[in-house]
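> Need the 3D shape of this:
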Amino acid sequence: MKKSALQVLSVVLAAAVIGWFGFVKGEGNEVSAETSTAQTSPYTVTVGASGSVMVEPDVAYLRLAVETRGAKASEAQQANAKQFAGVEKVLYETFGIAKKDVTTTGFDVQPEYDYTEKNGRVLKGYIAVHSIQVTYRKLPEIGKLFDALTESGANRLDGVQFSTEKKEQYELDALKKAMENAAAKAGVLATSANRQLKGVVNIVQGEVSNNPILYAREQAKVMMSDAAGSAATSVQSGQIEISTQVTVQYEMQ
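Purely as a prediction, here's the structure:
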């Protein structure tokens, strides 16, 4: 009797265990059959735009030199020192240019030769060259400066560059224009897609272009000769363009 009862109890327990596993398996199948929804990415539009400003130059960088000759190296060097002293007097005393704005860019003494078919290379003498760069900010008086430098002994003008010392300020102005242009472009694209701009997602700034006005040696010679002929005439330097680019990503709705 006891044995029979135990057998019945074992069957009941086995059925319960099998049912429990079956329920769990069914529940697991039911969950795995459900589909999960992933968050969709927002609609975006990315545009590239540029902005630029035209500004008046406020500084000039003059590259000039005193060039002298002599039969000996010492003679060429002494003549150069004497002639350069006159240039310094004009720069520091007449025009009040600070010494920090006058930089020596080169000084050398080299032999100079003549070439003939009969004698070949023949020593002619020596040439001394003292090169400097002058930073000058009173642009309306630059014609007078050219004239005074020519008269004082600066017999070689290697180039002039007109630029600005307010590059960072003007860069901000160019960036504002670039962002305005980017917003206008993105607005047109969004409207064409029947959407509206929601906000800026990402901004990448490109390179800033600063295009100073350069006059090479030959052009600078013409400027110096013109200024020497009429010292009261100011040199027309033109305008400088400062530009930058941006890439902007906007979210749309």
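> Just the pLDDT for the nearest residue to Lys89 once chain neighbours are set aside.
Leaving aside its sequence neighbours, Lys89 sits nearest to Ser152 (C-beta to C-beta, 6 or more residues apart in numbering; 6.8 Å). In this view, the C-beta of every residue, glycine as well, is placed from N, C-alpha and C. On the pLDDT scale, Ser152 is placed at 93.
> Check the residue sitting nearest the centre point of the chain and give its pLDDT.
With distances taken as C-alpha atoms, centre = their mean, the residue of the chain nearest its centroid is Val208 (4.2 Å). With respect to pLDDT, Val208 scores 90.
> got the contact list for it?
Neighbouring residues of Val208 by C-beta atoms under 8 Å, 6 or more residues apart in numbering: Lys167, Glu171, Ala174, Ile242, Ser243, Thr244.
> Which ones among the residues you listed lie within helices?
Lys167, Glu171, Ala174 (DSSP state H).
> where's the last one relative to Val53, distance?
What it means is Ala174. Per C-beta to C-beta, to the nearest Å, Ala174 is found 5 Å from Val53.
> all helices of the stretch 51-200 of the chain, in order?
For the stretch 51-200 of the chain, the helices defined by DSSP state H, counting those that start in this stretch occupy 73-89, 142-152, 167-192.
> and among those, the most buried is which?
Ranked by mean neighbour count under mean count of other C-beta atoms under 10 Å, the helices of the stretch 51-200 of the chain are led by helix 142-152, which reaches a mean of 21.
> export the helices of the stretch 51-200 of the chain to CSV and tack on distance to Pro42?
Formatted as CSV, those follow (distance: least, C-beta to C-beta, whole Å):
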stretch, distance to Pro42
helix 73-89, 66
helix 142-152, 56
helix 167-192, 13
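> so which of those helices gets nearest Val122?
With distances scored as C-beta to C-beta, the stretch of the helices of the stretch 51-200 of the chain nearest to Val122 is helix 73-89 (16.5 Å).
> related to what we said a few turns ago, now the contacts of Val208 in CSV, with pLDDT and distance to Gln78?
CSV is the format used below for these (pLDDT from 0 to 100; distance: C-beta to C-beta, whole Å):
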residue, pLDDT, distance to Gln78
Lys167, 93, 42
Glu171, 96, 48
Ala174, 96, 51
Ile242, 95, 46
Ser243, 95, 50
Thr244, 96, 51
